[in-house]
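Peer 1: Here is a sequence together with a model predicted from it:
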Amino acid sequence: MPTKVTVNSGLITINDGSSFLVTASDGSIDENLPQGLFVWDTRLISYYEISLNRCRLSLLASSNITHHNALYQFTNPQLSIINGTLPTGSLLVTVRRDIVEGMHEDIDITNYHNEVVEFQLMLAVRSDFADIFDVKSQQILTRGETQTRWENGVLTTEYRNGSFLRGIVIEPVCGNSEPRYANGRLMFDVVIAPGKTWHTCVNFTALADGNVFKPQKTCTVSHNTKAGKVRDQFLMNATKLRSSNAEIAEYYQQAIADMGALRIEVDDNGHQFWMPAAGIPWFIAVFGRDSIIASLQAIAVYHEFARGTLLKLAQLQATELDDWHDAQPGKMLHEMRRDELTTLNLLPYHPYYGTVDTTILWIVTLAEAYNWNADVSMLDECRAPLEKALNWIDKYGDFDGDGFVEYLTHSSKGLRNQGWKDSGDAIVYPDGQLVEPPIALCEVQGYVYDAWLRAAVIYEVWGEKEQAKKLRQKAEELYQRFNDRFWMDSVGFYCLGLDDKKQQIQSIRDFQKIKYTENKNDNHC
């Protein structure tokens with residue numbers, strides 16, 4: 001089946017780190033759809049609608065400005081107001097939203113009618129504090145208690161479930177009208193003379209387990225936000241490309257901006273680094289394989305991604321056996337979340353280690369990062385994690401001692417398959433029957449081969465030639481062993497992997513359906 005490509009999905013998504021907003025093109029939020037304002041894997045705003053005298057606005061245009069702000073422009077339908085009827089198209093309503101940890105919203109209304117207009121601006125806002133996994137599956141369950149209070153012009157809604165706490169503080173911070181709150185709506189009495197503009201702005205401050213994510217009041221600083229400064233710094237430090245083809249240059253610049261939107265901050269002893277998240281919006285979190293591969297692919301453009309990813313994964317490297325999290329000493333994580341289900345230990349994502357390849361690819365990335373930055377201090381800082389990762393390959397990766405790294409899920413909520421094809425039905429025999437783990441995947445053995453050779457180079461940098469020699473010998477033995485066990489003479493290609501009985505899974509992925517004529521001993525892992 002061909003890949004489905006969706007252009008202009010009707011959604012607008014903006015983010016700053018792990019805070020993100022998904023709305024319809026008119027800026028509204030429907031609680032029955034995967035939309036809303038999310039912070040730390042929790043939906044803090046599940047419903048939003050802006051109206052004038054309870055009449056919805058007519059959308060003129062909307063668009064992202066950058067990855068962290070968006071602009072929506074509206075006009076009015078024919079509207080009954082206090083002093084008569086307001087004709088269609090008499091008002092220009094501009095809404096701008098900036099995500100900088102929390103969210104800041106500016107609302108400007110310009111009156112193009114020839115008379116003074118009076119009406120009520122209403123913002124209907126609701127919060128369900130749904131877990132991100134429930135939102136994605138559209139199966140919302142309320143497990144805790146929610147309380148709302150309106151005090152001194154500030155609306156605060158908090159949700160508690162045991163130790164899990166989330167909240168949203170909605171505060172109009174400037175404007176020409178005093179806000180009121182009733183019946184789930186913030187209301188402003190608006191009076192605008194002909195040719196004049198009315199303004200208000202609202203801060204949406206997120207609360208998460210004692211952390212306060214307060215937005216920047218951008219209407220007072222010409223939208224020169226912290227997120228914007230960080231973005232500009234990233235673009236300045238990224239590799240520059242010049243081309244006589246303007247389209248190529250524009251594609252490249254857009255790709256750089258898109259990569260910048262994926263950044264997650266990494267702190268290492270007071271030094272700031274960045275790592276790429278797995279995707280916007282639902283995978284703005286610390287990931288293993290995704291972040292590693294994105295770092296490798298972007299290393300010629302921004303090699304600091306690799307360093308940030310290496311440091312963050314090393315900080316979270318497993319130290320003990322823990323079946324619930326599929327953790328083993330020396331193993332690098334697959335995914336880390338802060339949602340309600342994870343916090344209450346109903347899901348194993350804090351963090352979850354169910355991946356067979358992240359630990360191995362971490363070693364590859366360490367060596368490749370050194371190729372680009374030649375920073376021995378980085379290698380020295382990563383020495384202990386490297387040694388633990390190498391030990392994991394031998395002791396836990398190849399847990400049955402057959403010379404190949406395989407995976408087997410121990411967590412009751414873990415992933416059945418733990419390679420890059422990690423959906424439950426991803427690994428099958430040619431007849432479509434599911435393969436039972438433990439499974440030794442073809443490409444994973446290639447990763448190990450590469451990791452051992454690259455680790456040998458690192459040990460040579462440290463002057464440890466004997467350790468480097470041992471690693472190269474292990475790689476050579478794997479090379480021979482792999483070709484003996486994974487090659488399929490009948491089709492002239494390598495098998496998908498070995499099953500739980502150490503028999504070949506004689507499947508070939510669609511993109512691999514090419515028969516090579518070279519002798520199998522000429523094909524590398």
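Peer 2: Thanks, I have it. Numbers count the residues shown, from 1 in each chain.

Peer 1: Name the residues of the helix or strand containing residue 254 that are buried.
Peer 2: Taking DSSP states H and E as the criterion, residue 254 maps to helix 246-261. For helix 246-261, the neighbour count (16 or more other Cβ atoms under 10 Å) marks 252, 256, 259, 260, 261 as buried. For glycine as for every other residue, the C-beta is placed from the backbone atoms N, C-alpha and C.

Peer 1: Also stretch 125-140?
Peer 2: Of all the residues in stretch 125-140, those buried under the rule 16+ other Cβ under 10 Å are 125, 126, 127, 128, 129, 130, 131, 132, 133, 134, 135.

Peer 1: now stretch 291-308
Peer 2: Under the neighbour-count criterion of 16+ other Cβ under 10 Å, stretch 291-308 has 291-296, 298-299, 302-308 buried.

Peer 1: Can you classify residue 60 by secondary structure?
Peer 2: strand (DSSP: H, G, I helix; E, B strand; the rest coil).

Peer 1: surely it meets residue 75?
Peer 2: Yes: counting by Cβ atoms under 8 Å, a contact exists between residue 60 and residue 75, whose distance comes to 5.8 Å.

Peer 1: residues shared between the contacts of the two?
Peer 2: Residues touching both residue 60 and residue 75 (Cβ atoms under 8 Å, 6 or more residues apart in numbering): residue 92.

Peer 1: picking up where we left off before, of the buried residues of helix 246-261, closest to residue 267?
Peer 2: residue 260 (18.5 Å; Cβ to Cβ).

Peer 1: What strand or helix carries the residue nearest to the closest one when sequence neighbours are not counted?
Peer 2: Nearest non-adjacent residue to residue 260, counting by Cβ to Cβ, 6 or more residues apart in numbering: residue 234, 4.5 Å away. Element membership for residue 234 (DSSP H and E) is helix 226-237.

Peer 1: What's the mean pLDDT across that helix?
Peer 2: Helix 226-237 carries an average pLDDT of 76.

Peer 1: same deal with stretch 267-278?
Peer 2: In this model, stretch 267-278 carries a mean pLDDT of 85.

Peer 1: In it, which residues are buried?
Peer 2: Within stretch 267-278, the residues scored as buried using 16+ other Cβ under 10 Å are 273, 274, 275, 276, 277, 278.

Peer 1: Now render those as CSV, adding secondary structure and distance to residue 24.
Peer 2: Converted to CSV, the buried residues of stretch 267-278 look like this (DSSP: H, G, I helix; E, B strand; the rest coil; distance: Cβ to Cβ, whole Å):
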residue, secondary structure, distance to residue 24
273, strand, 36
274, strand, 31
275, strand, 31
276, strand, 27
277, coil, 24
278, coil, 24
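
Peer 1: Keep only those of the buried residues of stretch 291-308 that are in helices.
Peer 2: 291, 292, 293, 294, 295, 296, 304, 305, 306, 307, 308 (DSSP state H).

Peer 1: Next, the contact list for the second one, please.
Peer 2: What it means is residue 292. The contact partners of residue 292, by Cβ under 8 Å, 6+ apart, come to 309, 313, 358, 361, 362, 365.

Peer 1: quick one: which of those residues sit in strands?
Peer 2: Taking DSSP state E, every one of the contacts of residue 292 sits outside strands.

Peer 1: Looking at those, state which has the most neighbours.
Peer 2: residue 309 (31 neighbours; other Cβ atoms under 10 Å).

Peer 1: Model confidence for residue 17, exactly?
Peer 2: Note on residue 17: pLDDT of 86.

Peer 1: and the closest residue to it other than its chain neighbours, helix, strand or coil?
Peer 2: Beyond its immediate neighbours in the sequence, the residue positioned closest to residue 17 (Cβ to Cβ, 6+ apart) is residue 264, lying 5.8 Å away. For residue 264, the assignment made with three-state DSSP gives strand.

Peer 1: hang on, residue 264 packs against residue 276?
Peer 2: Yes: counting by Cβ under 8 Å, residue 264 touches residue 276, with 7.3 Å between them.

Peer 1: Show the end-to-end separation of stretch 420-437, please.
Peer 2: The first and last residues of stretch 420-437 sit 15 Å apart, counting by Cα to Cα, to the nearest Å.

Peer 1: Could you tell me how far that stretch lies from the centre of the chain?
Peer 2: The chain centroid and the centroid of stretch 420-437 are separated by 26 Å under Cα atoms, centre = their mean, to the nearest Å.

Peer 1: Which positions in it come out as buried?
Peer 2: For stretch 420-437, by 16+ other Cβ under 10 Å, it's 420, 422, 426, 427, 435, 437.

Peer 1: contacts for it?
Peer 2: 289, 355, 357, 406-409, 415-417, 419, 439, 441, 443, 496-497, 499-500, 505-507.

Peer 1: Put the buried members of those into a ChimeraX selection.
Peer 2: Only the buried entries of the contacts of stretch 420-437 go into this ChimeraX selection, using 16+ other Cβ under 10 Å:
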select :289,355,357,406,407,408,409,415,416,417,419,439,441,443,496,497,499,505,506,507
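
Peer 1: Tell me which entries of the contacts of stretch 420-437 lie within strands.
Peer 2: Short answer: the contacts of stretch 420-437 in strands (DSSP E) are 441, 497, 505.

Peer 1: report the longest helix in this structure, please.
Peer 2: helix 465-486.

Peer 1: who does the helix or strand following that one pair up with?
Peer 2: Scanning forward in sequence from helix 465-486 by DSSP H and E, the next helix or strand is strand 487-488. Next to strand 487-488 in the sheet, as set by DSSP bridges, lie strand 493-494 (antiparallel).

Peer 1: Please name every helix or strand in contact with the helix or strand bottoming out on mean pLDDT in the chain.
Peer 2: Across the helices and strands of the chain, mean confidence by mean pLDDT, DSSP states H and E is lowest for helix 226-237: a mean of 76. If contacts are counted by 3 or more Cβ pairs under 8 Å, 6 or more residues apart in numbering; DSSP states H and E, helix 226-237 sits against strand 91-100, helix 246-261.

Peer 1: what do you get if the cut-off is 10 Å, keeping everything else the same?
Peer 2: Packing contacts for helix 226-237, counted by 3 or more Cβ pairs under 10 Å, 6 or more residues apart in numbering; DSSP states H and E, involve strand 11-16, strand 58-66, strand 91-100, helix 246-261, strand 263-268, strand 271-276, helix 304-315.

Peer 1: how about the helices in the protein?
Peer 2: 132-137, 226-237, 246-261, 289-297, 304-315, 340-343, 358-373, 376-381, 383-392, 442-461, 465-486.

Peer 1: Please name whichever of those helices is nearest to residue 160.
Peer 2: Each of the helices of the chain has some distance to residue 160 by Cβ to Cβ; the shortest is helix 340-343, at 10.4 Å.

Peer 1: and that closest one, how far out from the chain's middle?
Peer 2: On the basis of Cα atoms, centre = their mean, helix 340-343 sits 17 Å off its chain's mean C-alpha point.

Peer 1: now do stretch 345-356
Peer 2: Distance, centroid of stretch 345-356 to centroid of chain: 16 Å (Cα atoms, centre = their mean).

Peer 1: With stretch 280-298 instead?
Peer 2: Taking the mean of its C-alpha atoms, stretch 280-298 sits 7 Å from the chain's own mean (Cα atoms, centre = their mean).

Peer 1: go on, stretch 136-152?
Peer 2: 23 Å.

Peer 1: Flag every buried residue along it.
Peer 2: Applying 16+ other Cβ under 10 Å to stretch 136-152 flags 143, 146 as buried.

Peer 1: what are the C-alpha coordinates of it, in CSV please?
Peer 2: Listed next in CSV are the C-alpha coordinates belonging to stretch 136-152 (Å, rounded to 0.1, in the frame of the first residue of the first chain):
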residue,chain,number,x,y,z
LYS,A,136,-4.0,9.6,21.3
SER,A,137,-6.3,6.6,21.7
GLN,A,138,-9.3,8.9,22.2
GLN,A,139,-10.4,6.9,25.3
ILE,A,140,-10.4,9.6,28.0
LEU,A,141,-10.7,8.4,31.6
THR,A,142,-10.8,10.7,34.6
ARG,A,143,-9.0,9.1,37.5
GLY,A,144,-8.5,12.0,39.9
GLU,A,145,-10.2,15.1,41.2
THR,A,146,-10.4,18.5,39.5
GLN,A,147,-11.0,21.9,41.3
THR,A,148,-11.5,25.3,39.8
ARG,A,149,-11.3,28.7,41.5
TRP,A,150,-11.6,32.3,40.4
GLU,A,151,-9.8,34.8,42.6
ASN,A,152,-8.7,38.4,41.9
